[in-house]
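# missing the sequence, but the structure's below:
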Ligand SMILES: Nc1ncnc2c1ncn2[C@@H]1O[C@H](COP(=O)(O)OP(=O)(O)OP(=O)(O)O)[C@@H](O)[C@H]1O
Ligand code: SF4
Ligand SMILES: [Mg+2]
């Protein structure tokens, strides 16, 4: 018996939403939320940018009292006619789960020729990774993924939960959001370091599609270093293994690698797949210990708190996150500069090319200015 | 699942579900079956007479404390090794007891390996199926047979009839009707007629005997405390009937008019 962990009071990502994103990664064409019309509204909208339809059974007061079996089966029939899906996901919500709704019965009632992943989930789990796990379990049940992929993902999820507990959003009872350091100051510092001939690492450790924007920082630093004639001083690492993860995740890795190549950016070390951000940090750590211990600075993007401090604590660390609540923990870990790419995630949905980041844009602009002045 | 019995006993509040369940459990255990009783009532009084009057910690008590629950914490061995589990629930009037059952049943299923070995598992549910949570054991596929307990009086029959309506709605077959007597005239005949008309059968007639309550007051089942009594034999017969029963049917509820006629 172990008592519960700390009670965290800042709102955190929801398991329902985590289930929706996982369904997207499994390539469902439609996800049906069985619950109130407003539930997960913002993410439902964003996911439509990513090419899947998200609809709701819109349970109302009557639905809460009398249940929504008929509502769900009729929405199933409706989406089948409207969108001709090949794979459907049905997702529970707090409201439907509390009243004991069964997702399976309406699925049987609708009796479609389409496989349906049923996810009995609500938003009341301490870690939102639970939503991912529940989704993968049902996907395994109906044969959408195999046991091997399931076990692999399970390990990643457990590690992701640990990462958040150690230095992430679950590390403190309350974390105030912060905008981080000013981008022009940080960009200026990176340019300074490069100018001084310092040796640097640019490490992307991104979660899935967020890589479309974090990779831009590898590109921007490379561009600036090239203009300064010191591109040999910069080593790039990224979790862009194209052979790991669900098909959609592999596609992202392939797309990003393709763009990087086209822009002339060499990735010296691949540290894992795009869904391996919770464990790729250890690969980074080993690589640094072996090959790059003498470097002076490191720009770490994506999930910077998953990189152990063991062999980088002597370096000047600049980290780039998209979580405003991540600033304080990163500073406490010893990262000198922390930059927040606000609203990064929405900009990386529905794209298949690298998207410009604010820090990247700032770097490019400032490099232009400083170089033009000195020319 | 083979010949493994997973049953739930439904019936009007206070009609005798818990005493019937614990006596049947005790009788089956005596026959050498592996038996588990799972109390799904917030009152958590289903297993008390199998444990010499002792109250055990409930699954929800432990979950509320936020501790990691293990099998040993919630499965207790009672008379003749009957495994006793109580789901428990929130205080009356607070929170959501239905959700409590759903969560507790899931917790139990995830960690209790013994459940798979049991010859008989009895789910003892409270009298009124007030919401979705109270049929969770059925809907989660944990119950494969339902029994309805009633006396020959109008109100218990009315409740039994309603339960049949509900069972049909959730596609659950009824394995039989048990009459727990309240000493009404023509009682056995009334309940037998009722059973037949809904498309089922009467599997036992349990007389009303003071000794049931006397044993219960001391914290025992009749089987344990008064093994030689007449009513102990009735419970043993019922236990055998349940273990060998293979008939079941989707019940058809009667209209109220007919129900009144039956009891007149
Ligand atoms: N055959 C019987 N003869 C005499 N008393 C009985 C008999 N069956 C049950 N009782 C008594 O009736 C009372 C109610 O029984 P019990 O608690 O088993 O009902 P229940 O249906 O489980 O009630 P609830 O719906 O509240 O859970 C108890 O005091 C019990 O001892
Ligand atoms: S409480 Fe739960 S069901 Fe309601 S909107 Fe929030 S996440 Fe959705
Ligand atoms: Mg009872």
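Yes, it's here. None of these values were measured; they are calculated from a predicted model. Numbers count the residues shown, from 1 in each chain, chains lettered A, B, ... in the order given. Ligands and ions are numbered 1, 2, ... in the order given.
# count the neighbours of residue 27 for me.
Using chain A. Neighbour count of residue A:27, defined by other C-beta atoms under 10 Å in any protein chain shown: 14. C-betas here are computed from N, CA, C, even on glycine.
# actually it's chain B I care about, not the one you picked
Neighbours of residue B:27 under the rule other C-beta under 10 Å: 28.
# before we move on, what about residue B:173?
Each residue near residue B:173 was counted by other C-beta under 10 Å, and the total is 16.
# do I have it right that it meets residue B:252?
No - in this structure, residue B:173 is not within contact of residue B:252 by C-beta atoms under 8 Å, at 12.0 Å.
# the one residue in the stretch 1-150 of chain A that gets nearest to chain B and residue B:5: what is the separation?
The minimum distance from the stretch 1-150 of chain A to chain B, using C-beta to the nearest C-beta, falls at residue A:100 (2.7 Å). If you measure residue A:100 against residue B:5 using C-beta to C-beta, to the nearest Å, the figure is 24 Å.
# return the set of buried residues in stretch B:70-84.
B:73-76, B:78-80, B:82-84 (16 or more other C-beta atoms under 10 Å in any protein chain shown).
# and those, which two are the farthest apart?
B:73 and B:80 (21.9 Å; C-beta to C-beta).
# residue B:213: neighbour count?
So residue B:213, with other C-beta under 10 Å, has 11 neighbours.
# then residue A:111?
Residues lying near residue A:111 (other C-beta under 10 Å) number 9.
# residue A:13 touches residue A:126, doesn't it?
No - Residue A:13 is beyond contact range of residue A:126, at 11.5 Å (criterion: C-beta under 8 Å).
# quick one: the strands in chain B?
Taking DSSP state E, the strands of chain B run over residues B:5-11, B:35-39, B:76-77, B:83-86, B:120-124, B:145-150, B:174-180, B:202-206.
# state the mean pLDDT of the first one.
Think strand B:5-11. Confidence for strand B:5-11, expressed as mean pLDDT, is 95.
# run the chain-centre distance for it.
Offset of strand B:5-11 from its chain centre (C-alpha atoms, centre = their mean, to the nearest Å): 5 Å.
# mind checking which of the strands of chain B is nearest residue A:232?
Nearest of the strands of chain B to residue A:232, taken as C-beta to C-beta: strand B:83-86 at 68.2 Å.
# what's next to the closest one, contact-wise?
B:34-39, B:44, B:46-47, B:50-51, B:56-59, B:74-78, B:108, B:112, B:114, B:118 (C-beta atoms under 8 Å, 6 or more residues apart in numbering or on different chains).
# narrow these to those in helices?
Mapping those onto helices (DSSP state H) picks out B:59, B:74, B:108.
# so what pLDDT did residue B:129 get?
Looking at residue B:129, its pLDDT reads 72.
# tell me how many other residues crowd it.
Counted with other C-beta under 10 Å, the neighbours of residue B:129 add up to 19.
# just the closest residue of the stretch 1-150 of chain B to chain A, please.
Per C-beta to the nearest C-beta, residue B:132 is where the stretch 1-150 of chain B lies closest to chain A, at 2.7 Å.
# who's in contact with that residue?
Contacts for residue B:132 (C-beta under 8 Å, 6+ apart) come out as A:67, A:99-102, B:98, B:102, B:139.
# now, which of the residues you listed sits nearest residue B:67?
Out of the contacts of residue B:132, the member with the shortest distance to residue B:67 (by C-beta to C-beta) is residue B:102, at 19.4 Å.
# not counting sequence-adjacent ones, nearest residue to that closest one?
residue B:136 (4.7 Å; C-beta to C-beta, 6 or more residues apart in numbering or on different chains).
# ok, the one you found to residue A:145 distance?
Distance from residue B:136 to residue A:145, by C-beta to C-beta: 28 Å.
# higher neighbour count, the two?
Set residue B:136 next to residue A:145 and count neighbours by other C-beta under 10 Å: residue B:136 wins out with 26 against 21.
# where does that one land on pLDDT?
For residue B:136, the model assigns a pLDDT of 85.
# which ones are touching the residue of chain B found nearest ligand 2?
Closest contact between chain B and ligand 2, by C-beta to the nearest ligand atom, is at residue B:99 (13.0 Å). By C-beta under 8 Å, 6+ apart, the residues touching residue B:99 are A:97-100, B:133.
# and with 6 Å instead?
Residue B:99 makes contacts with A:98, B:133, as judged by C-beta atoms under 6 Å, 6 or more residues apart in numbering or on different chains.
# what of residue B:262?
If you count contacts by C-beta under 6 Å, 6+ apart, residue B:262 has them with B:190, B:193-194.
# count of residues packed around residue 134?
With no chain named, the answer covers chain A. Residue A:134 is flanked by 22 other residues according to other C-beta under 10 Å.
# oops, chain B please
As a burial measure, residue B:134 scores 24 neighbours (other C-beta under 10 Å).
# distance of it from residue B:126?
Taking C-beta to C-beta, one finds residue B:134 at 7 Å from residue B:126.
# against which helices or strands is the worst-scoring helix or strand of chain B on mean pLDDT packed?
Using mean pLDDT, DSSP states H and E, the weakest-scoring helix or strand in chain B turns out to be helix B:136-139, at a mean of 85. Packing partners of helix B:136-139 (3 or more C-beta pairs under 6 Å, 6 or more residues apart in numbering or on different chains; DSSP states H and E): helix B:97-111.
# just the mean pLDDT for the helix it packs on, thanks.
The pLDDT scores in helix B:97-111 average 90.
# go through it and flag the buried ones.
Using 16+ other C-beta under 10 Å as the test for burial, helix B:97-111 gives B:97-105, B:107-108, B:111.
# excluding covalently adjacent residues, which one is nearest to the residue of the stretch 1-150 of chain A closest to chain B?
Nearest residue to residue A:100, sequence neighbours excluded (C-beta to C-beta, 6+ apart): residue B:132, at 2.7 Å.
# can you give me the pLDDT of that neighbour?
If you check residue B:132, the pLDDT there is 79.
# before we move on, what about residue B:160?
pLDDT, residue B:160: 95.
# surely it meets residue B:148?
Yes - with contacts counted by C-beta atoms under 6 Å, residue B:160 reaches residue B:148, the gap being 4.7 Å.
# between those two, which one's more packed in?
More crowded of residue B:160 and residue B:148, by other C-beta under 10 Å: residue B:148, with 31 against 28.
# ok, residues contacting stretch A:253-265?
Residues outside stretch A:253-265 that contact it (C-beta under 6 Å, 6+ apart) are A:211, A:215, A:218-219, A:222, A:240, A:242, A:274, A:352-354.
# what is the burial count for residue A:119?
27.
# ok, it to ligand 1 distance?
According to C-beta to the nearest ligand atom, to the nearest Å, residue A:119 and ligand 1 sit 34 Å apart.
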